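Asker: Quick one: sequence plus predicted model below, questions after.
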Amino acid sequence: MRTLPIPDEIPVAGRWRRGRGTPLECIDPANGDVIAKLTAASPADVDEAARAGATAAAAPSWRDLLPHERARFLVRIGDLIDRHADELAELQTRNTGKTRAETRALASSAAGTFQFYAAALETTETPLSPQRGPYLTMSVPEPIGVVGAITPWNSPIASDAQKIAPALAAGNAVLLKPAEATPLVSLALARLTVEAGLPPALLSVLPGKGSVVGDAIVRHPAVGKVSFTGGTNTGRAVGHLAADKFMPLTSELGGKSPTIVFDDADLDQAAAGILFGIFSSSGQSCIAGSRIFVPEPVYGEFVERLVAGAQRLRVGPGTDPASQVGPLVTFAHRDRVAAMVDRAREEGANVLCGGRIPDAPELTGGAYYLPTLLDGLSNDARTCQEEIFGPVGVVLPYRDEDELIAQANDTIYGLACGIWTRDYRRAWRVARRIDAGTVWINTYKQFSIATPFSGMKASGVGTDKGRDAILRYTRQKSLYWGLDEAPLPWAR
Ligand code: NAD
């Protein structure tokens, strides 16, 4: 396996060069090693990238490409990601701590995303509207020009691809701002777009601090849309800036998702799915099923199963194929998670398992935290209301369906929900009453690029994924074609 080079340069405005921002350090959270010292972007780099992006997007050699011609770039990028999937996975595992199985799946998903949008682009139609007079009308989507893509650290290559692929398909240039802790895989992806022959300046990758580089992207006058994935508070700040510019914004934000067991469920299947939903990616997942609702009659028995399962999970470095729960992304984040569990104790939580940093000697050098289950809290406790973004689930008992729905929806978030039952009528009824952009029934955390993804309430505005995502990177223009030979009557 060839290792992708860790660049000392970043692609800005069509040229790989050193950024002018404050340099960044990338750490391997499994052991604290510094794996790269990176040059970062500055606001002046953002300005240069945005101007060059606007020129590149307007160049006839890109703007006038027919859909099937533009699709070829996406196919080539997807193929190159596939070919380099192992190296991309390795880089992401070292930079994020995620297990290789997860990062390999993310690399495949990124390749599939480019291939999907190539196909979607080739089959997107521009229909004529039904005729209402002596004229034909149609609405044509046009590229926005330059779009900003701002991504978080938890699944960098997949989040990057979900924004870059439809934005390029729509004919735009993209300024990608990866999270400060995890820019390596985004830079490797940019190298592959060069190899695929994508015209330079159509993709600038601008690592750096969100409040400096991300902010400069959102404010830049040439940037006509931002697609943001990250925390709810950051999303709110970005939303205010976007509103000031009358700029469309897609925001995919945080969650505190309920996952619900009914007493008729296959309890083995439900326990396995719930453990996967909260502890895979070490809980660093926007859609983590972090509030686990269990009916009173089976509460004791089901909680025992969950605890036994959580204690069996193998915690270890993402590079070890046996590991299921890797380290958290940084030591600072691990300490935040630990502090939130301490606060849960102060709120009166019962720690059913975990609740601490592991003391096994082989893990003490990494940013690990044990899979943790809590109970003894009511849904209005801060622990049940605030996103922890770590391997921490809270189990809550419920009596009946109405009480359950009220509690499940009693959160500012509305991202995801899991339902475990054999009763399909109940699954349908409950799924329709839950405020969530995605509901999984007898499964969890499965994804298809063909299916739209969005949040309700404070989990975000707008939709990613699905074939219509291309249209969300366009501006609509309506054309009227007169059919009358005679002049319009009024001026005759
Ligand atoms: P974050 O909000 O701190 O950062 C996200 C991105 O925004 C980073 O690239 C960051 O540098 C940038 N940023 C920070 N401040 C900015 C500003 N003022 N202006 C512009 N950009 C700025 O989030 P994070 O800690 O990287 O990621 C974790 C969060 O992301 C969690 O809340 C999680 O739920 C959420 N998330 C949501 C989804 C989803 O699809 N709904 C997916 C993954 C993660």
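Answerer: Everything's here; your move.
Asker: For the stretch 51-200 of the chain, just list every one of the helices.
Answerer: 60-63, 67-83, 85-96, 100-122, 156-169, 184-195 (DSSP state H, counting those that start in this stretch).
Asker: what do you get for the stretch 301-450 of the chain?
Answerer: 331-346, 382-385, 401-409, 424-433.
Asker: Please produce CSV containing these, extended by mean pLDDT, mean neighbour count and distance to residue 102.
Answerer: All C-beta spots, glycine's among them, are computed from the backbone N, C-alpha and C. Shown next, in CSV, are those (pLDDT from 0 to 100; neighbours: other Cβ atoms under 10 Å; distance: least, Cβ to Cβ, whole Å):
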stretch, mean pLDDT, mean neighbour count, distance to residue 102
helix 331-346, 98, 16, 17
helix 382-385, 98, 18, 26
helix 401-409, 98, 17, 27
helix 424-433, 98, 14, 27
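Asker: Can you say which of the helices of the stretch 51-200 of the chain is packed in most?
Answerer: helix 156-169 (a mean of 28; mean count of other Cβ atoms under 10 Å).
Asker: other SSEs contacting it?
Answerer: Counting contacts by 3 or more Cβ pairs under 8 Å, 6 or more residues apart in numbering; DSSP states H and E, helix 156-169 packs against helix 67-83, helix 85-96, helix 100-122, strand 146-150, strand 173-177, helix 184-195, strand 223-229.
Asker: For the ligand, find the nearest of the helices of the stretch 301-450 of the chain.
Answerer: helix 331-346 (7.8 Å; Cβ to the nearest ligand atom).
Asker: Please see if stretch 389-404 touches the ligand.
Answerer: Yes - using Cβ under 6 Å from any ligand atom, stretch 389-404 reaches the ligand at residue 389.
Asker: list the contacts for residue 146?
Answerer: 50, 53, 54, 57, 172, 173, 174, 175, 220, 222, 223, 224 (Cβ atoms under 8 Å, 6 or more residues apart in numbering).
Asker: Ignore what I typed, I meant residue 460.
Answerer: Here residue 460 is in contact with 235, 250, 251, 252, 253, 415, 437, 454 (Cβ under 8 Å, 6+ apart).
Asker: For the ligand, tell me which of the residues you listed show up nearby.
Answerer: 252, 253, 415.
Asker: got a list of what the closest residue to the last one other than its chain neighbours touches?
Answerer: Nearest non-adjacent residue to residue 415, counting by Cβ to Cβ, 6 or more residues apart in numbering: residue 255, 3.2 Å away. With contacts taken as Cβ under 8 Å, 6+ apart, residue 255 has the following neighbours: 286, 287, 288, 290, 387, 413, 414, 415, 416, 455, 459.
Asker: burial of the third one, as a residue count?
Answerer: Just to be clear, that refers to residue 288. Around residue 288 there are 30 other residues, counting by other Cβ atoms under 10 Å.
Asker: what residues are up against residue 204?
Answerer: 10-14, 45, 49, 52-53, 173-176.
Asker: if we can go back for a sec, what about the helices of the stretch 51-200 of the chain, which gets the closest to the ligand?
Answerer: Here helix 156-169 is closest among the helices of the stretch 51-200 of the chain (Cβ to the nearest ligand atom), at 6.3 Å.
Asker: just how off-centre is the closest one within its chain?
Answerer: Averaging C-alpha positions (Cα atoms, centre = their mean, to the nearest Å) puts helix 156-169 10 Å from its chain's average.
Asker: Please apply the same query to stretch 151-160.
Answerer: Counting by Cα atoms, centre = their mean, stretch 151-160 comes out at 6 Å from the chain centroid.
Asker: cool, stretch 9-26 as well?
Answerer: Counting by Cα atoms, centre = their mean, stretch 9-26 comes out at 23 Å from the chain centroid.
Asker: Tell me the residues on the stretch 251-400 of the chain that lie near the ligand, please.
Answerer: Residues of the stretch 251-400 of the chain that fall close to the ligand, judged by Cβ under 6 Å from any ligand atom: 252, 253, 254, 255, 286, 387, 389.
Asker: Among the residues you listed, which one has the most neighbours?
Answerer: That'd be residue 255 among those, by other Cβ under 10 Å, with 30 neighbours.
Asker: Against residue 65, how distant is residue 59?
Answerer: Note on residue 59: its distance to residue 65, by Cβ to Cβ, to the nearest Å, is 10 Å.
Asker: Please identify the buried residues of stretch 219-233?
Answerer: Neighbour-count burial for stretch 219-233 flags 219-220, 222-232 (criterion: 16 or more other Cβ atoms under 10 Å).
Asker: Is the ligand within reach of it?
Answerer: Yes - judged by Cβ under 6 Å from any ligand atom, stretch 219-233 and the ligand are in contact via 229, 230, 231.
Asker: Quick one: mean pLDDT over that stretch.
Answerer: Averaging the model's pLDDT scores along stretch 219-233 yields 98.
Asker: rewinding a little: tell me which of the contacts of residue 204 is nearest to the ligand?
Answerer: Checking the contacts of residue 204 one by one against the ligand (Cβ to the nearest ligand atom), the nearest turns out to be residue 176, at 9.4 Å.
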